[in-house]
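**Student:** quick one, structure for this:
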Amino acid sequence: MSARTEPRWVRNLLITVALGFVGLFLVVPLVAVFWEGFAAGVKVYWDAISDPDALHAIWLTIFAMLISLGINGVAGIAAAWAIARFQFRGRSLLITLIDVPFSISPVVVGLLFVLLFGSSGWFGPWFKAQGIPVLYAVPAIVLATLFITFPFVVRELVPVMQAVGSEEEEAARVLGARGWHILWRITLPNVKWGLLYGLILCSARAIGEFGAVSIVSGHIPGKTATMPLHIELLYNDQSGAYQYNAAFACASVLTLMALVTLIAKAVVEWRVERKQRGDGIHA
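**Tutor:** So this is what the prediction gives:
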């Protein structure tokens, strides 16, 4: 109530500052990306995003994102279930380890994978002997993306599972339901919005990942360059203005992908708030 009693000029000032900050640091850069992308004409824009290297970068970005969603979804559910439902030795350590990707620079993560899977690394010589390329290949990109995006699903599911409680699961077990039935019929329906929210955050992080992927990919156009790396390669190519505008054209595609995840995130938040209001009315 105290905020509503502030003078009108104070409220208008705060709103103006907030809108000005959002416009200057968020809206203007987004508009600039699309402006520069189309600055050389629609044909240059289309040629840039339909280039085989660009199409491969888009495919590789989506592929790494989908693999991350699948593995992190399963692993995140298992980890969140263990943390929220059980007390065990090492639980605090597990929670701490889950937050490690948040505290380590992505560049350091990339160097760790080089140490593990490089030609003189711990596991690199064995994989090389088996004829399985890891470093500077698609597997390294997927591994780096997995590591960076792992915490999101767990961090969204744990508080939701704790809030829902285990009463329904315990009742189902007493009635003879098996573990998989409890998971599919009770646990997942109760936490579906938290799971979806975590997957959306995971996908947004995977799409824009640069540091770790930059170290382990090798920047090979048409082979190991994701969208962020492809944009960097185009921007650093000073052979002509075409590459400059092509970089912004591809950046606009990456921006659209990010905006889609943002819209999906807003929809999920709206559905969750609507459900919570409905539960409050029924209560």
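**Student:** what stretches of the chain score poorly on pLDDT?
**Tutor:** 1-5, 238-242, 275-283 (pLDDT under 70).
**Student:** would you map out the domains in it?
**Tutor:** Following the assignment in automatic domain parsing, the chain carries domains at 1-38, 41-282.
**Student:** tell me which element the nearest residue to residue 44 once chain neighbours are set aside falls in.
**Tutor:** Nearest residue to residue 44 in three dimensions, chain neighbours excluded: residue 245, at 5.5 Å (CB to CB, 6 or more residues apart in numbering). C-beta coordinates here come from the backbone N, C-alpha and C atoms, glycine included. In the assignment (DSSP states H and E), residue 245 maps to helix 241-282.
**Student:** skip the chain neighbours and tell me the closest residue to residue 143.
**Tutor:** residue 113 is the one closest to residue 143 (CB to CB, 6+ apart), at 6.1 Å.
**Student:** buried sites along the host helix or strand of the one you found?
**Tutor:** Secondary structure from DSSP H and E places residue 113 in helix 106-117. Using 16 or more other CB atoms under 10 Å as the test for burial, helix 106-117 gives 106, 109-114, 116-117.
**Student:** between the helix or strand hosting residue 142 and helix 241-282, how big is the angle?
**Tutor:** If you go by DSSP H and E, residue 142 is part of helix 138-164. For helix 138-164 against helix 241-282, the angle by axes from the mean of the first three to the mean of the last three CA atoms, to 10 degrees is 20 degrees.
**Student:** which strands or helices does helix 138-164 pack on?
**Tutor:** Helix 138-164 sits against helix 52-85, helix 91-98, helix 100-103, helix 106-117, helix 188-208, helix 211-217, with contacts defined as 3 or more CB pairs under 8 Å, 6 or more residues apart in numbering; DSSP states H and E.
**Student:** quick one: that helix to helix 91-98, angle?
**Tutor:** Going by the same axes, to 10 degrees, helix 138-164 makes 130 degrees with helix 91-98.
**Student:** just the buried residues of helix 138-164, please?
**Tutor:** Applying 16+ other CB under 10 Å to helix 138-164 flags 138-158, 160-161, 164 as buried.
**Student:** same deal with stretch 45-63?
**Tutor:** Buried residues in stretch 45-63 (16+ other CB under 10 Å): 45, 47-49, 51, 53-54, 56-58, 60-62.
**Student:** look up how far residue 123 lies from the residue nearest to residue 143.
**Tutor:** 10 Å (CB to CB, to the nearest Å).
**Student:** what of residue 149?
**Tutor:** 22 Å.
**Student:** and what of residue 188?
**Tutor:** In terms of CB to CB, residue 188 sits 35 Å off from residue 123.
**Student:** re earlier: most tightly packed of the domains of the chain?
**Tutor:** domain 41-282 (a mean of 17; mean count of other CB atoms under 10 Å).
**Student:** hmm, back to that, C-alpha coordinates for the helix holding residue 113, PDB please?
**Tutor:** Only the C-alpha atoms of helix 106-117 are listed here, as PDB (Å, rounded to 0.1, in the frame of the first residue of the first chain):
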ATOM      1  CA  PRO A 106      32.000 -21.900 -19.900                       C
ATOM      2  CA  VAL A 107      35.500 -21.400 -21.300                       C
ATOM      3  CA  VAL A 108      36.900 -23.400 -18.400                       C
ATOM      4  CA  VAL A 109      34.300 -26.100 -19.100                       C
ATOM      5  CA  GLY A 110      35.600 -26.300 -22.600                       C
ATOM      6  CA  LEU A 111      39.200 -26.600 -21.400                       C
ATOM      7  CA  LEU A 112      38.100 -29.400 -19.100                       C
ATOM      8  CA  PHE A 113      36.800 -31.400 -22.000                       C
ATOM      9  CA  VAL A 114      40.000 -30.700 -23.900                       C
ATOM     10  CA  LEU A 115      41.900 -32.100 -20.900                       C
ATOM     11  CA  LEU A 116      39.600 -35.200 -20.900                       C
ATOM     12  CA  PHE A 117      39.200 -36.000 -24.600                       C
END
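**Student:** just checking, what packs against the next helix-or-strand element following it?
**Tutor:** Once the chain leaves helix 106-117, the next helix or strand it forms, by DSSP H and E, is helix 124-129. For helix 124-129, the elements it packs on are helix 106-117, judged by 3+ CB pairs under 8 Å, 6+ apart.
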